[in-house]
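J.: sequence unknown, structure follows:
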């Protein structure tokens, strides 16, 4: 009888990935910690995380600190509890979530669009861009011709700047590194604009972009951070820069935009659609 030729591949049942030199134990433990959270969980105590993972409490402390710093976990210092952050859901579930969020947000967006006679958009971050997941136009004749799926640069737009201002510091640092790597020559100017956006957002509650991305477009934006582990979004009002200037944009439209963001957040949090 002829000898069987070996394929050189061990049966999957005989291989232990943890024994492979390519296996990163720390990464595996971090993912295991994230998988502890069940659909019905909002906040879990440090001791509960250790119990569910079977890891030493010191290891859980290091992992939870790292994941919180990177924005994948939220932390309540007063109780020591942790919750999944929006960054986690953006890894896999953001598409389903964003479609449903867009459906719930649309009535509020339509009201805001008619009030401002401008375009109202809801978007999420994808790498260094923002992508529209919902868009409403007013009945005005001169209006932005953008629609769902439109991709905008993050650093130069009100939508992107609003998202930037709502990010966890760790995720913001990673994104800054990504932006600097992709375009080193433009990064100093973009970094300055983003720092200014942080100051503006802290002072007045919204970010703006006036004739910076496109010379004909002006917009203001707010973050829609639901605070329960879902993907954060950004809501904007935008239109022709020749019309959206000065007091009209900053004194009339801004309060309405901020309130619309709050109304959308409240409507989503009051719903039972996330189960």
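T.: Yep, that arrived. Just so we're clear, the structure is a prediction, and the values are computed from it rather than from any experiment.
J.: For the spatially most central residue of the chain, report the pLDDT, please.
T.: Closest residue to the average C-alpha location of the chain: residue 232 at 3.9 Å, with Cα atoms, centre = their mean. On pLDDT, residue 232 comes in at 77.
J.: Report the contact partners of it.
T.: Listed by Cβ atoms under 8 Å, 6 or more residues apart in numbering, the contact partners of residue 232 are 86, 124, 163, 166, 167, 223, 224, 225, 226. Quick note: C-beta positions are derived from backbone N, CA and C, even for glycine.
J.: from those residues, which single one is nearest residue 49?
T.: The closest of the contacts of residue 232 to residue 49 turns out to be residue 86 (Cβ to Cβ; 19.2 Å).
J.: quick one: low-confidence ranges for the protein?
T.: By pLDDT under 70, the low-scoring segments of the chain are 1-18, 39, 86-87, 89-99, 138-149, 214-215, 227-231, 271-275.
J.: quick one: the helices in it?
T.: Assigned by DSSP state H, the helices in the chain fall at 25-34, 46-53, 57-69, 86-89, 94-116, 158-166, 169-182, 187-204, 246-247, 254-270.
J.: Residue 150: which of those helices is closest?
T.: Of all those, helix 158-166 comes closest under Cβ to Cβ, at 9.9 Å.
J.: just how off-centre is that closest one within its chain?
T.: 9 Å (Cα atoms, centre = their mean, to the nearest Å).
J.: quick one: that helix to helix 254-270, angle?
T.: Helix 158-166 runs at 60 degrees relative to helix 254-270, counting by axes from the mean of the first three to the mean of the last three Cα atoms, to 10 degrees.
J.: Show residues contacting helix 158-166.
T.: Residues outside helix 158-166 that contact it (Cβ under 8 Å, 6+ apart): 121, 123-125, 129-130, 152-155, 172, 175, 193-194, 197-198, 201-202, 206-209, 219-223, 225, 232-236, 238.
J.: Could you do stretch 201-214 as well?
T.: Contact partners of stretch 201-214, identified using Cβ under 8 Å, 6+ apart, comprise 152-153, 156-158, 161-162, 164-165, 193, 197, 200, 217-222, 241, 244-245, 249-250, 254, 257-258.
J.: what distance separates it from the centre of its chain?
T.: Here stretch 201-214 is found 18 Å from its chain centre; the criterion is Cα atoms, centre = their mean.
J.: same question, stretch 29-38
T.: Centroid displacement of stretch 29-38 relative to its chain, using Cα atoms, centre = their mean, is 20 Å.
J.: Only the buried residues of that stretch, if you could.
T.: Of the residues in stretch 29-38, 30, 33, 36, 37 count as buried by neighbour count, 16 or more other Cβ atoms under 10 Å.
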